[in-house]
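# when you get a sec, could you give me coordinates for this:
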Amino acid sequence: MDVGETFLTLSIDIDGVLMPNKNYNRGRTFEYDVRDLLEASGYQAARTAGSHGLADVIGWSSSTIVFVQCKHTTKKTINLTEILKGDNIKKFELMDYPQSALKFLAIKQGMSSDPLILCWSEMNQNWYMSKF
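Here you go, the predicted model:
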C-alpha cells in the first residue's frame, strides 16, 4: 500500500481521530472481488488504483477487453433505476472503447455474496443481466 492509497483509506471523525473510511474499504474490497471473478472466468485482470477513471477493474484475454464499473451499496434493496441514472454510469455508457471490448456494471448489495452483473449493449443502448 503506497502513501496515496493509505491517505484515501483514512477519514477524520468528529473528535479529530483518524478512522478507516468504511465506504472506501468496502468498495476497494468489492473491486478486488470483481477482479477475482474475472480471473476465475479466464481473464487476466487488474483493479485501477484510486478509481479515478470510469472503469474500476479492467480484464483482458487474447480477444477481449472488459471494463467494469463497480457499485457497492449497503441499502437493503437495490434501486437499479437510481444507480443507472448516476453520473458515473452515464459517463461509463458514453465512454469510447475498442470494438472488441465489453462494458460491465457489477453491483453488490450489503453482505450478499454474489454481485448483480449487467452488460452494456451498444446496439440497444441499454443494460442487460449477464455474467463474466
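# report the separation between the residue sitting nearest the centre point of the chain and residue 102.
Residue closest to the mean C-alpha point of the chain, counted by Cα atoms, centre = their mean, is residue 70 at 1.5 Å. From residue 70 over to residue 102 the distance is 15 Å, taken as Cβ to Cβ, to the nearest Å. Quick note: C-beta positions are derived from backbone N, CA and C, even for glycine.
# could you point out which element follows the top helix by length along the chain?
Counting residues, the longest helix found in the chain (DSSP state H) is helix 22-40. Using DSSP states H and E, the helix or strand that follows helix 22-40 in sequence is strand 44-47.
# sheet partners, orientation included, of that next one?
If you go by DSSP bridges, strand 44-47 pairs up with strand 57-60 (antiparallel).
# only the buried residues of the next helix or strand after the strand it pairs with, if you could.
With elements assigned by DSSP H and E, the helix or strand that comes after strand 57-60 is strand 65-73. For strand 65-73, the neighbour count (16 or more other Cβ atoms under 10 Å) marks 65, 66, 67, 68, 69, 70, 71, 72 as buried.
# quick check: mean pLDDT of strand 65-73?
For strand 65-73, the mean pLDDT works out to 91.
# can you get me the start-to-end distance on stretch 73-80?
By Cα to Cα, to the nearest Å, the extent of stretch 73-80 from end to end equals 11 Å.
# report the buried residues of that stretch.
By neighbour count on 16+ other Cβ under 10 Å, the buried set for stretch 73-80 is residue 78.
# contacting residues around that stretch?
Residues from elsewhere that reach stretch 73-80 (Cβ atoms under 8 Å, 6 or more residues apart in numbering): 26, 83, 107, 108, 109, 110, 116.
# that older thread, which residues sit in contact with the residue nearest to the residue nearest to the centre of the chain when sequence neighbours are not counted?
Spatial nearest neighbour of residue 70, excluding adjacent residues (Cβ to Cβ, 6 or more residues apart in numbering): residue 56 at 4.3 Å. Counting by Cβ under 8 Å, 6+ apart, residue 56 makes contact with 27, 31, 34, 47, 48, 68, 69, 70.
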